[in-house]
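In: Got a predicted model here, sequence first, then my questions.
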Amino acid sequence: MDKKLSHLDDSGNATMVDVSDKRVTARTAVASGRVVFPSDVFETLAAQDFLGKKGSIIQTAVIAGIQAVKRTSELIPLCHQINLSKVQIDIHPKKNILEIRCTVKCDEKTGVEMEALTGVSVSALTIYDMCKALSHDISITDIQLEQKTGGKHDYRS
């Protein structure tokens, strides 16, 4: 296998990838995740249109996720600061689940996979925070990159 970890130098030290020779291209990443609730908790939330004492659970999670995407380089040590073109977070109820999908776009020399994954993660954590008074038996699961375009290789799960 010829692949090696891009954030380690030849001595094994952490390093930020040098993107100075890369071309600027349109890049997109889509990540997803799920927040799974006990059925009685989900039924209570759904009956209240996902509105809690702190406000709209879904809209608060969307805003938190967008803020997190914009701060990814501050949270993940070796991520580059990039100018974002679009951030979209969609949260949809399914049976006992809130499904989260985050799409991030930019025109840059490096991709936005970490930004999309961070958006999903913080949205899920916000949902947990807003609902934990009803139960701590809430799970955050299946956070994954679904696709990325731009750069050397496209990816689709």
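Out: That came through, no problem.

In: Give the other helices and strands that the single longest helix found in the chain contacts.
Out: The longest helix of the chain (DSSP state H) is helix 113-131. Packing partners of helix 113-131 (3 or more Cβ pairs under 8 Å, 6 or more residues apart in numbering; DSSP states H and E): strand 25-36, helix 57-70, helix 72-75, strand 84-94, strand 97-108, strand 139-149. Where C-beta positions appear, they are placed from N, C-alpha and C, glycine not excepted.

In: Any stretches of this structure with poor pLDDT?
Out: Residue ranges of the chain with pLDDT under 70: 1-2.

In: give me that answer again for 90
Out: 1-23, 52-55, 78, 111, 151-153 (pLDDT under 90).

In: Pull the contacting residues for Val17.
Out: Ser6, His7, Leu78, His80, Thr110 (Cβ atoms under 8 Å, 6 or more residues apart in numbering).

In: tell me the phi and psi of the third one?
Out: Translated: Leu78. Dihedral angles of Leu78 (phi, psi; degrees, to the nearest 10) stand at phi -100, psi 10.

In: Tell me the secondary structure at Gly111.
Out: Following DSSP: H, G, I helix; E, B strand; the rest coil, Gly111 is assigned to coil.

In: any idea how far the closest residue to it other than its chain neighbours is from Ala68?
Out: Spatial nearest neighbour of Gly111, excluding adjacent residues (Cβ to Cβ, 6 or more residues apart in numbering): Arg27 at 4.8 Å. As for Arg27, its distance to Ala68 is 18 Å (criterion: Cβ to Cβ, to the nearest Å).
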